[in-house]
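Colleague: This is the structure alone, sequence omitted:
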């Protein structure tokens, strides 16, 4: 899908044709839309399609007549029937007349611009527009990181209750998401550092201040990612320790039950041997069976008392 926008007098308008100062938004474009755009602005088809490749890494490339910027942005993803997060490429192509964004999903980062929720937004101030996109990308990373920590907290609160396998799987998915975020954030920081150095891109003092703010936000997102990874490691170890402790308690309980049950089994086994009755104690005594049962019960009770004192039960 292709949308064309341009701001006039601080109001965003939808355009029908390519015009100077416009913003062209491509969302999961077709081959025909890519070819039309490539012909109209002299952009390589591969550079437009690069943003649609999930494996494409963040980079900045100066080409003849245009500049390609690729960054990774967060995106929701369903894994194991749970909503998790991953990162996808967002392509930004800067030409002499227009700015082009390419993404395979309709990301909320760009929806904020479409819905006029960004202050001082203008499609004609292209470098500021790029930094505003990156700023909101960093903000979305931080929002998703807080959601990840909230999910981790919910799992941790269930430790005292019924911890299930699904909790361990979800914790692993959260940890995997943080790995994706950490890798993408580091790559995006490199792009930001290169944007500061490139003289080909026209920079204004206000734009440079915004770029500094973007860098700070990304650094903060990187620190949050590192902290949450450490916290998730601790939570995972806690879950493992709790599960091991519960297993040990079950084994202690079963062992104790086995010891107690072994007492009547041994005694009844002895009395069941093929030996003349006169040689068996209490075999000829009136109510001998009841006496033996009482003795077995007393021995079992004493055994239970000893095991309880030793905290085996």
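Modeller: Structure received. It should be emphasised that the depicted structure is a prediction, and the values quoted were computed from it without experimental measurement. Residues are numbered from 1 along each chain as shown.

Colleague: I figured residue 300 hits residue 263, correct?
Modeller: Yes: Residue 300 is within contact range of residue 263, at 5.4 Å (criterion: C-beta atoms under 8 Å). Every C-beta, even on glycine, is put in place using the N, C-alpha and C of the backbone.

Colleague: Okay, now the unreliable bits of the stretch 51-200 of the chain?
Modeller: Applying pLDDT under 70 to the stretch 51-200 of the chain flags residues 161-164, 199-200.

Colleague: Let me see the ranges of the helices in it.
Modeller: 108-114, 126-157, 165-197 (DSSP state H, counting those that start in this stretch).

Colleague: Which of the ones you listed sits closest to residue 97?
Modeller: Checking the helices of the stretch 51-200 of the chain against residue 97 by C-beta to C-beta gives helix 126-157 as the closest, at 9.7 Å.

Colleague: Taking helix 165-197 as reference, get the angle to that closest one.
Modeller: Counting by axes from the mean of the first three to the mean of the last three C-alpha atoms, to 10 degrees, helix 126-157 lies at 160 degrees to helix 165-197.

Colleague: Go ahead and confirm residue 139 touches residue 217.
Modeller: Yes: contact criterion C-beta under 8 Å: residue 139 and residue 217 qualify, at 6.6 Å.

Colleague: Counting neighbours, go ahead and name the busier of the two.
Modeller: A direct count of neighbours by other C-beta atoms under 10 Å for residue 139 and residue 217 places residue 217 higher, at 18 against 15.

Colleague: Tell me who's in contact with the nearest residue to that one once chain neighbours are set aside.
Modeller: The shortest distance from residue 217 to any non-neighbouring residue, by C-beta to C-beta, 6 or more residues apart in numbering, is to residue 138 (3.7 Å). If you count contacts by C-beta atoms under 8 Å, 6 or more residues apart in numbering, residue 138 has them with 214, 217-218, 220-221.

Colleague: Can you select the buried ones among those for me in PyMOL?
Modeller: Command for PyMOL, covering only those of the contacts of residue 138 found buried under the criterion 16 or more other C-beta atoms under 10 Å:
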select buried, resi 214+217+218+221
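
Colleague: pLDDT for the contacts of residue 138 - can I get that in CSV?
Modeller: Shown next, in CSV, are the contacts of residue 138 (pLDDT from 0 to 100):
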residue, pLDDT
214, 91
217, 93
218, 93
220, 95
221, 94
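
Colleague: Filter the contacts of residue 138 down to the ones in helices?
Modeller: 214, 217-218, 220-221 (DSSP state H).

Colleague: want to throw the residues you listed into JSON lines with distance to residue 125?
Modeller: Listed next are the ones in helices among the contacts of residue 138 as JSON lines, based on distance: C-beta to C-beta, whole Å:
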{"residue": "214", "distance to residue 125": "15"}
{"residue": "217", "distance to residue 125": "20"}
{"residue": "218", "distance to residue 125": "21"}
{"residue": "220", "distance to residue 125": "25"}
{"residue": "221", "distance to residue 125": "25"}
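
Colleague: do you know how far residue 266 is from residue 273?
Modeller: Residue 266 sits at a distance of 12 Å from residue 273 (criterion: C-beta to C-beta, to the nearest Å).

Colleague: More neighbours: which of the two?
Modeller: Neighbours of residue 266 and residue 273, each counted by other C-beta under 10 Å, are more numerous for residue 266; the result is 12 against 8.
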